[in-house]
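**Student:** test case, fold it:
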Amino acid sequence: MILIKLGGSVLTHKDKEYSFRTNIAKRLVKEIKESPLEEYVIVHGGGSFGHPGAEKYKLNSSEPLNPKEGLARVQRDMRRMNNRLLDVLLDEEIWSVSIPGGLITIFDEGELESIDDGLIERYISRGNIPVTFGDVTIDKKRGVTICSGDDIMKGLSKNAKKAVFVSDVDGVYKDGELQKTFTQEMYPLESSDHPGSSGKIDVTGGMNKKVRKMLDISTEAETYLVNGEVKNRLKKILKEEEVVCTEVKR
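**Tutor:** Model prediction:
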C-alpha cells in the first residue's frame, strides 16, 4: 500500500478561506491515475478550509474555545473540502470513498492513540480508493483536538510500503540547501534553514512538526517530500523515477 498526502498548502490558497485550487487538484489526480499504483490511500490536509476555524477555536490546544461549536463548524468545513477533491477524483473515474479522519481516530492529550486501519483495508480490498483527511476528533482528556493529515499518515504507515508527502516546496532544506536525504542527525530545523518557511507555519505545528512525523514514519515506510506545484513530480516519484525531492530517513 502507498500513502499519498496531498497537503493543504498545494490544494488551497492558505491566505484565502475556502479557496480550493481545482486546476492543481485535477493535475495531481491525473498524475496519480497515470502511475502504476493499484492499492493506495489518499490523505489530504486542511489548508484554508480547516486551519482558520482550528485556530479560531484553539482546537489544537489543551483548552479549546467553545469546543462544541468548533467541532461542528470545522468538521463541516473539512467535509466541504473533501467533497471538492472527491469531485475531481470521480471525474477521473477513480472510485474513491470518503473516510473522515475524525471518525477513525482517537487521541489522548493531543497525541494519536489509535486509528481504525481495518476500515481502510476493507475498502481497499473492494477495489475502492480511501480518501481520508485532517479533521477534528475526540480526545480523551481535552474533549476534542485536531487530527492532522500527518497524524493519519503516521497511523497508517505500519501497513505502507511508501509514504509520499505532496507540498508546495521542493523538499526539506538545511542551511539553505535542498537536501536529497534528510536524517535524524539534521533535526531540528532552524528558521534560517528553509527559505520562506516563516510565512508557512500553520496550526499543526509547521515544518519541524511535519519533519518529526516524517522521521517517525520512515521507520515503517520509505518517506518522501515532493513539490506538487511542479508538473509530473508526483507521477515520477510514484513511478519510481528520478525526481527532485527529499527522502526522509531516521
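**Student:** buried stuff in the helix of greatest length in the chain?
**Tutor:** Ranked by residue count and defined by DSSP state H, the top helix of the chain is helix 67-91. Residues 67, 70-71, 73-75, 77-79, 81-82, 84-86, 88-89 are the ones in helix 67-91 that count as buried (16 or more other C-beta atoms under 10 Å). For every residue, glycine as well, the C-beta is placed using N, CA and C.
**Student:** which other helices and strands does that helix contact?
**Tutor:** Helices and strands touching helix 67-91, by 3 or more C-beta pairs under 8 Å, 6 or more residues apart in numbering; DSSP states H and E, are helix 22-33, strand 40-44, helix 47-56, strand 96-100, strand 129-133, strand 135-139, strand 143-147.
**Student:** nearest to Leu178, of these?
**Tutor:** Closest of the helices and strands packed on helix 67-91 to Leu178 is helix 22-33, at 20.9 Å (criterion: C-beta to C-beta).
**Student:** alpha carbons of that closest one, as CSV, please.
**Tutor:** Only the C-alpha atoms of helix 22-33 are listed here, as CSV (Å, rounded to 0.1, in the frame of the first residue of the first chain):
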residue,chain,number,x,y,z
THR,A,22,-9.2,23.0,-8.7
ASN,A,23,-6.7,23.1,-11.5
ILE,A,24,-3.8,21.9,-9.3
ALA,A,25,-6.0,19.1,-7.9
LYS,A,26,-7.0,17.9,-11.3
ARG,A,27,-3.4,17.7,-12.5
LEU,A,28,-2.3,15.9,-9.3
VAL,A,29,-5.2,13.4,-9.6
LYS,A,30,-4.3,12.8,-13.3
GLU,A,31,-0.7,12.1,-12.3
ILE,A,32,-1.9,9.6,-9.7
LYS,A,33,-4.1,7.9,-12.3
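**Student:** could you report the neighbour count for Arg21?
**Tutor:** By the criterion of other C-beta atoms under 10 Å, Arg21 has 19 neighbours.
**Student:** relative to Lys213, how far out is it?
**Tutor:** The spacing between Arg21 and Lys213, counted by C-beta to C-beta, to the nearest Å, is 24 Å.
**Student:** lovely, talk soon.
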